[in-house]
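Asks: missing the sequence, but the structure's below:
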DNA sequence: GAAAGATTTGGAAGCGCTTCCAAGTCCAGG
DNA sequence: CCTGGACTTGGAAGCGCTTCCAAATCTTTC
């Protein structure tokens, strides 16, 4: 197992062929006589030779590395299983397509500023998957301006021609709220996500839409803003309680957990006194007591799709921009009281 | 903002200097007259030029990319906040040292086999941080054999001369178990982690040590093997219950959550009927009811230290091997009943 | 059996950067 | 005014690979 740093030249020499031919064999390209191919293969195996990927990248002008950029990751990253699942599915898909995944987590705008050159520097990365949560986002526009292959996860605002992939948050929220009405609830409130995020805004929009369609005046007291954390859910649920909603659509399961705490602390029961529908359908959702009715996001498919879209953009250019909204699914468990309504 | 792909040559030409000089300026190296330095700088700024990192890597034989390899990530990766925190701290530290982080998540041995060339290929990665959980681990030895700079997180078995960083699991477990005895418990059981992991084994070893030192015969019925999941904790706690332990050291907080479920389902109370100490001190620990007494791992410092050690290995070679065990800390909350014992 | 075509081969020019080394410039000291 | 030493500068040789292109070889086909 000699592991001296071998080069293509040396392999070629040992096999008695030119470097060009050796290159052809190793990259499994045509135009090589079977006999020569064999000879080269044998040398490669005997020596344990592997191409130097950096040299290859330089010559091909393609690195087969893609970046995953997650800005402002700070708290959400810990508490919410969303990111681990997303990262895992992206990593897995990269493996599949023989791409290497470079991960960039930014915590502050200062980080973003300082590290921008690292990600945009042409050469290292063939493209970038950008997780955009916050509505205020400068990265996307900057990268687009540099003609950098970018796929945004989330729904970027005010950036023309950017390709993106998002969950259909509006439709998902509609399903949740409609279900609450369908199960006989009248006073349906909502705990929104942070309204600095598009997910927060869109899920609220879905809530509004359903109310409007039912000619149900929306009571401002029934709309409180959370921040996607459990603690936040706990606190704003307490604000909501005095107004006596009989159902609440909560824009994330994590917040729903906090809300559950607040409700039981107030001596009320879910779903008898207050019905709840969450959003996400991550592990905590079915481990909660009672198990949460929620809107399921296809996060893993999401990661896969993101990688595939980016590869497509890398291969075929950014036009036309791709816009994909993925469907969600209502998962009925106990917290919405659906099993109470039609008892037989 | 011209963003045509510029090269160093073009910058040099525009500034009227040689490529060598331009390189010196851009890399902030000495031996350039201030005037020329300025001139080059100006051109760089005007054109928005950035070095091509791939070409640089090839010339320098160093990529400033490090790999983080997490094998067999499947379930643990979702359920346990350990990995997100670790990854985040590693990413952050990489940012700080101007390194790029490449993430490799392997799910199966097949993945490992297939992707091994990708990580070991000399050139792309300057070094690798390898998370080794399972006791059976072939990656470490292979990489060491190739003289690849490696730092292992965890405690590798039977690989000579490998540098590693681990939590002192034995000492941590000892603290936990000792605390349980110190608070007056007699029948102390343990739910171990998967005994295919070194963490599982070491934490059990700590349990044994304390029992032995107290001349306490260890009852096999008091030792049940979990698998680090909540569901697993739930199940094995049910096995434990009939033997009526008055305290349990549980090798992870996640499992402790499951155990808590089992205990309350059996109509018993924590800590009155059964005291519990967990391990990890992640978010779920203090959100549990009752809040978990647990052993705190310094995961973030861990990530930082790992990166720094690897950089040191890259810079100064693998000898002598570095071995670091990080201290843990007992965090006393309610689940151990410490607050009950000395009531005034 | 020769011309036309298809296939195989390798020479050489990059890809964009670093760095060794020799040549050139500048200044102080004698 | 000349010499030696310190600092600047740029030419040129890589780093290890891909790929264009021309030359060489092998098949067909009439």
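Replies: That came through, no problem. A quick note: this is a predicted structure, and the numbers were derived from the prediction, not measured.
Asks: in stretch A:311-324, what's buried?
Replies: Residues of stretch A:311-324 classed as buried by neighbour count (16 or more other Cβ atoms under 10 Å in any protein chain shown): A:311, A:313, A:314, A:318, A:322. All C-beta atoms are positioned from the backbone trio N, CA, C, and that covers glycine.
Asks: Any idea how far apart the tips of it sit?
Replies: Taking Cα to Cα, to the nearest Å, stretch A:311-324 runs 15 Å from one end to the other.
Asks: and if you look at stretch A:288-308?
Replies: Span of stretch A:288-308 from end to end, Cα to Cα: 34 Å.
Asks: With stretch A:95-104 instead?
Replies: 18 Å.
Asks: who's in contact with it?
Replies: Identification of contacts with stretch A:95-104 by Cβ atoms under 8 Å, 6 or more residues apart in numbering or on different chains yields A:63-70, A:87, A:90-91, A:94, A:115, A:118-119, A:124-126, A:307-308, A:311, B:65, B:87, B:91, B:95, B:100-106, B:111, B:114-115, B:118, B:124.
Asks: Give me the pLDDT for residue A:242.
Replies: With respect to pLDDT, residue A:242 scores 92.
Asks: That one falls within a helix, correct?
Replies: Yes: checked against DSSP: H, G, I helix; E, B strand; the rest coil, residue A:242 lies within a helix.
Asks: Number of residues surrounding it?
Replies: 9 (other Cβ atoms under 10 Å in any protein chain shown).
Asks: Check the gap between it and chain B for me.
Replies: Distance, residue A:242 to chain B, using Cβ to the nearest Cβ, to the nearest Å: 25 Å.
Asks: distance of that residue from DNA strand D?
Replies: 68 Å (Cβ to the nearest atom of the strand, to the nearest Å).
Asks: Same check on residue A:124?
Replies: Counting by Cβ to the nearest atom of the strand - residue A:124 and DNA strand D are separated by 15 Å.
Asks: Please apply the same query to residue A:317.
Replies: 18 Å.
Asks: Likewise for residue A:103?
Replies: 26 Å.
Asks: Which element, helix or strand, includes that residue?
Replies: According to DSSP states H and E, residue A:103 maps onto strand A:100-105.
Asks: Need the contact partners of stretch A:214-223.
Replies: By Cβ under 8 Å, 6+ apart, stretch A:214-223 touches A:181, A:187-190, A:192, A:204, A:207-208, A:211-212, A:240, A:243, A:245.
Asks: quick one, what contacts the closest residue to residue A:193 other than its chain neighbours?
Replies: Nearest-residue entry for residue A:193: residue A:200, 3.2 Å, with adjacent residues in sequence omitted and distances by Cβ to Cβ, 6 or more residues apart in numbering or on different chains. Residue A:200 sits next to A:192, A:193, A:194, A:225, A:228, A:251 when contact means Cβ under 8 Å, 6+ apart.
Asks: again, 6 Å this time
Replies: Residues in contact with residue A:200, defined by Cβ atoms under 6 Å, 6 or more residues apart in numbering or on different chains, are A:192, A:193, A:194.
Asks: before we move on, back to that, partners of the strand holding residue A:103, with directions?
Replies: According to DSSP bridges, strand A:100-105 forms sheet pairs with strand A:65-70 (parallel), strand B:100-105 (antiparallel).
Asks: ok, how many other residues are close to residue A:50?
Replies: For residue A:50, using other Cβ under 10 Å, the count is 16.
Asks: any chance you could map the helices in chain A?
Replies: A:8-15, A:19-26, A:34-47, A:53-60, A:74-79, A:82-96, A:109-120, A:139-145, A:169-182, A:198-213, A:230-240, A:253-265, A:283-287, A:299-316 (DSSP state H).
Asks: can you redo those helices as CSV with distance to residue B:329?
Replies: CSV is the format used below for the helices of chain A (distance: least, Cβ to Cβ, whole Å):
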stretch, distance to residue B:329
helix A:8-15, 53
helix A:19-26, 52
helix A:34-47, 50
helix A:53-60, 42
helix A:74-79, 19
helix A:82-96, 25
helix A:109-120, 29
helix A:139-145, 38
helix A:169-182, 41
helix A:198-213, 37
helix A:230-240, 23
helix A:253-265, 27
helix A:283-287, 27
helix A:299-316, 34
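Asks: Please convert those to JSON lines, extending it with distance to DNA strand C.
Replies: Below are the helices of chain A laid out as JSON lines (distance: least, Cβ to the nearest atom of the strand, whole Å):
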{"stretch": "helix A:8-15", "distance to DNA strand C": "8"}
{"stretch": "helix A:19-26", "distance to DNA strand C": "3"}
{"stretch": "helix A:34-47", "distance to DNA strand C": "5"}
{"stretch": "helix A:53-60", "distance to DNA strand C": "4"}
{"stretch": "helix A:74-79", "distance to DNA strand C": "33"}
{"stretch": "helix A:82-96", "distance to DNA strand C": "24"}
{"stretch": "helix A:109-120", "distance to DNA strand C": "13"}
{"stretch": "helix A:139-145", "distance to DNA strand C": "19"}
{"stretch": "helix A:169-182", "distance to DNA strand C": "41"}
{"stretch": "helix A:198-213", "distance to DNA strand C": "37"}
{"stretch": "helix A:230-240", "distance to DNA strand C": "47"}
{"stretch": "helix A:253-265", "distance to DNA strand C": "45"}
{"stretch": "helix A:283-287", "distance to DNA strand C": "46"}
{"stretch": "helix A:299-316", "distance to DNA strand C": "17"}
